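Q: sequence-free structure coming up:
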């Protein structure tokens, strides 16, 4: 019984997103079962790859899922959101391209060096945000508004060229598929980043520290945790996520467009965190919820595309679904449902007693 | 302030409240910047028309900055304002083109009602979800933004230009003040021109200031933003006040849409793109805190003017390439935000020290001052 309760409590937050996902899947099954068909096909480069809507959902949600993981941490530690992730991703992409171009031929080592450089620079930019938040006590949304408004211009300034092209099998194996492996590479990137964060939390007390800073900063300080360090660290980890997502985004298209690279991803990432049942005011969090949220958003978008909704109109339908999900997950509705269940239980036991 | 006077010790001088400090900082920054521009750049800045141009061009921004200030004082946020402006402008432009109403006055009135109606509808459903269902305001209004932008493109993907002659004539009306004008090179006196939208914006700021300062609703919303729990214990109807703050915010976004249409009579999927972020920035620079309980619409007015002046200065300076503009305004934004935070932190630290020195000083004075202000 006790164990059952424990499992229920740990699942509690995930009930709404899981139900939403289930409804989306059932809806698609009824609408058109072929939505879930997975096939094999040879692509332009001559590789055999898996195709199908499901694969495309999991593949194209990769950047969002990676950024949502970092966003969860920042949300938990600071009680605010970083709205500059899309703009900073453009900078990371620009650094990646710049380093690659300055090294001449694209080889395994040069890609690795460019990736590391991009991650380091992104961490620096995120630490700028983090310093404003942690040291100067500026509200995260405002502190990150600065880079939100000028990040893409910095990316343009770094690169000079409007859309630099990257044409190389190594790049395409980063963004699409590795020859001989049918699964798209971005999916492995999600797993790697997830594993990286999982190991950090497994072997350190960072999770506990982050939550305690988010719940009550003063109490955390009195217990010997330095809130400043925890906040800066959460921004640095977000930086790693953003850089990886940006490199995937650049490699996927084989080019860098500083205006459209991961455009509007900040809103989707915050949405993913919220749909996963996390409190945007900070404190306790569940990263699995955010990842689930990211896939729900992508599933929804792909479903709408499959229903022939024009891409520019997708936002309106998305909004309606989001409203339904958050209303279903709101505390008031949850309480009402719980009360309803209890009264049903009571009435059934009362009847049994009479019988 | 009356409640504070009783607990005030004679040795402790009443400090400036956070709201007042931040308001003074933003007014000061605006004056320094404007005077600096007059001295260094000269040119257009020496003419009063420049000031009125800033007002004319940014009337909609000033109104949505007020819309955001109201919800931010109540510790909420509304990021749907830009989307609502876009939807309103598109809907009104299509309405004006298709309307069969003969009388110009009636057509304009109906357009205004349509604009306010759209804003009101968004305000009401967002307010219901935030206040009565306890959903996080960021998510509700994010959905509102998506909905408004999506509906705009569903109405029309292509830009729609308003061609209603009566409305265009009305939109071009300007108040002319000859003694603030200047003499052009050919010797003609060009009077200073103020658009109707700018007058509406200034009137909105004044009305909102009075509402927030002198009505029961305004007082409640400051108390709720300062501390929701204590506001509830004081017997304030928290849910109703929060609901009304979103309704007012929505209504003002609709009004801003109408003003935008008067300034640029064409609907387009990109109208007021990122308008919400500019409005949030204006409110923040004007001294409103996202955490609630502190803020002033007069400050938001100056915040919007500061943003507008920054852009104007950069446009007139040698660094007028588009990426330089973005980067320079980002740097200036960073400077102001940090300045604000440092001044506030130093002030509060000095005040805490003072309270500790006069040990009989009330311990929770700081929080009390925060709540009792406007």
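A: Done, it's in. Computed from a predicted structure; not experimentally measured.

Q: okay, now the unreliable bits of chain A?
A: Applying pLDDT under 70 to chain A flags the ranges A:1-11, A:44-46, A:161, A:350-355.

Q: for chain B, what's the nearest residue on it?
A: Closest residue of chain A to chain B, Cβ to the nearest Cβ: residue A:316 (2.4 Å). From N, CA and C alone the C-beta is placed, and that goes for glycine too.

Q: which one is that residue nearest to, not counting chain neighbours?
A: Computed as Cβ to Cβ, 6 or more residues apart in numbering or on different chains, the closest residue to residue A:316 that is not its neighbour in sequence is residue B:150, at 2.4 Å.

Q: quick check, the one you found in contact with residue A:309.
A: No - counting by Cβ atoms under 8 Å, residue B:150 does not reach residue A:309; the two are 9.7 Å apart.

Q: which of these two has more residues huddled nearby?
A: Taking other Cβ atoms under 10 Å in any protein chain shown, residue B:150 and residue A:309 do not tie; residue B:150 has more neighbours (22 against 18).

Q: tell me which helix or strand the more buried one sits in.
A: For residue B:150, the element it lies in under DSSP states H and E is helix B:137-155.

Q: what comes up buried for that helix?
A: The neighbour-count check on helix B:137-155 (16 or more other Cβ atoms under 10 Å in any protein chain shown) flags B:137-155 as buried.

Q: mind listing what residue 237 touches?
A: Defaulting to chain A. A:70, A:73, A:197, A:200 (Cβ atoms under 8 Å, 6 or more residues apart in numbering or on different chains).

Q: let's do chain B instead
A: Residues in contact with residue B:237 (Cβ under 8 Å, 6+ apart) are residue B:220.

Q: what are the phi and psi values for residue B:136?
A: Note on residue B:136: its backbone torsions stand at phi -60, psi 130 [degrees, to the nearest 10].

Q: and the closest residue to it other than its chain neighbours, how far from residue A:194?
A: Residue nearest to residue B:136 in three dimensions, not counting chain neighbours: residue A:280, with 5.0 Å by Cβ to Cβ, 6+ apart. Noted for residue A:280: a distance of 22 Å to residue A:194, by Cβ to Cβ, to the nearest Å.

Q: ok, now residue A:118?
A: From residue A:118 across to residue A:194, the span is 20 Å (Cβ to Cβ).

Q: how far off centre is stretch B:65-75?
A: 8 Å (Cα atoms, centre = their mean, to the nearest Å).

Q: again with stretch A:282-296
A: Distance, stretch centre to chain centre, for stretch A:282-296: 8 Å (Cα atoms, centre = their mean).

Q: check which residues of it are buried.
A: By 16+ other Cβ under 10 Å, the buried positions in stretch A:282-296 come out as A:282-283, A:285-296.

Q: and residue B:177, that's in a strand?
A: Yes - assignment of residue B:177 by DSSP: H, G, I helix; E, B strand; the rest coil places it within a strand.

Q: hey, what's it bridged with?
A: Residue B:177 forms beta bridges with residue B:192, as assigned by DSSP bridges.

Q: which stretches of the stretch 1-150 of chain A form helices?
A: Applying DSSP state H, counting those that start in this stretch to the stretch 1-150 of chain A gives helices spanning A:2-12, A:15-31, A:53-60, A:62-78, A:85-102, A:108-134, A:140-159.

Q: same thing with the stretch 201-350 of chain A?
A: For the stretch 201-350 of chain A, the helices defined by DSSP H, counting those that start in this stretch occupy A:206-215, A:217-222, A:227-253, A:265-275, A:287-306, A:314-329, A:331-354.

Q: packed most tightly, which of those would that be?
A: Burial of the helices of the stretch 201-350 of chain A is given as mean neighbour count (mean count of other Cβ atoms under 10 Å in any protein chain shown); helix A:265-275 ranks first at a mean of 26.

Q: by contact count, what packs against it?
A: In terms of contacts (3 or more Cβ pairs under 8 Å, 6 or more residues apart in numbering or on different chains; DSSP states H and E), helix A:265-275 is packed against helix A:15-31, helix A:62-78, helix A:85-102, helix A:287-306, helix A:314-329, helix B:137-155.

Q: residue B:357 is nearest to which of those helices?
A: With Cβ to Cβ as the criterion, residue B:357 lies closest to helix A:62-78 of these, at 32.7 Å.

Q: rebuild the helices and strands packed on helix A:265-275 as JSON lines, extending it with distance to residue B:48.
A: Below are the helices and strands packed on helix A:265-275 laid out as JSON lines (distance: least, Cβ to Cβ, whole Å):
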{"stretch": "helix A:15-31", "distance to residue B:48": "57"}
{"stretch": "helix A:62-78", "distance to residue B:48": "44"}
{"stretch": "helix A:85-102", "distance to residue B:48": "37"}
{"stretch": "helix A:287-306", "distance to residue B:48": "50"}
{"stretch": "helix A:314-329", "distance to residue B:48": "42"}
{"stretch": "helix B:137-155", "distance to residue B:48": "36"}
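
Q: my read: residue B:292 touches residue B:77, true?
A: No - at 9.7 Å, residue B:292 and residue B:77 do not qualify as touching, with contact defined as Cβ under 8 Å.

Q: residue B:157 versus the residue in the stretch 1-150 of chain B positioned nearest to chain A, what's the distance?
A: Going by Cβ to the nearest Cβ, chain A is nearest to residue B:150 of the stretch 1-150 of chain B, at 2.4 Å. Going from residue B:150 to residue B:157 by Cβ to Cβ gives 11 Å.

Q: now do residue A:139
A: Going from residue A:139 to residue B:157 by Cβ to Cβ gives 36 Å.

Q: likewise residue A:203?
A: According to Cβ to Cβ, residue A:203 and residue B:157 sit 52 Å apart.

Q: who has more neighbours out of these two?
A: A count of neighbours by other Cβ under 10 Å puts residue B:157 above the other of residue A:203 and residue B:157, at 12 against 8.

Q: which helix or which strand is home to that one?
A: Residue B:157 belongs to no helix or strand, assigned by DSSP H and E.

Q: how about it, nearest residue that isn't a chain neighbour?
A: Leaving aside its sequence neighbours, residue B:157 sits nearest to residue A:312 (Cβ to Cβ, 6+ apart; 6.0 Å).

Q: got the contact list for the one you found?
A: B:150, B:153, B:157, B:269.

Q: let's see that with 10 Å instead.
A: B:149, B:150, B:152, B:153, B:154, B:157, B:269 (Cβ atoms under 10 Å, 6 or more residues apart in numbering or on different chains).

Q: do residue A:162 as well
A: Per Cβ under 10 Å, 6+ apart, neighbours of residue A:162: A:156, A:255, A:256, A:257, A:258, A:259.

Q: go ahead and build a PyMOL selection from the buried members of the residues you listed.
A: Buried residues among the contacts of residue A:162 (16+ other Cβ under 10 Å), as a PyMOL selection:
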select buried, chain A and resi 156+255+256+257+258
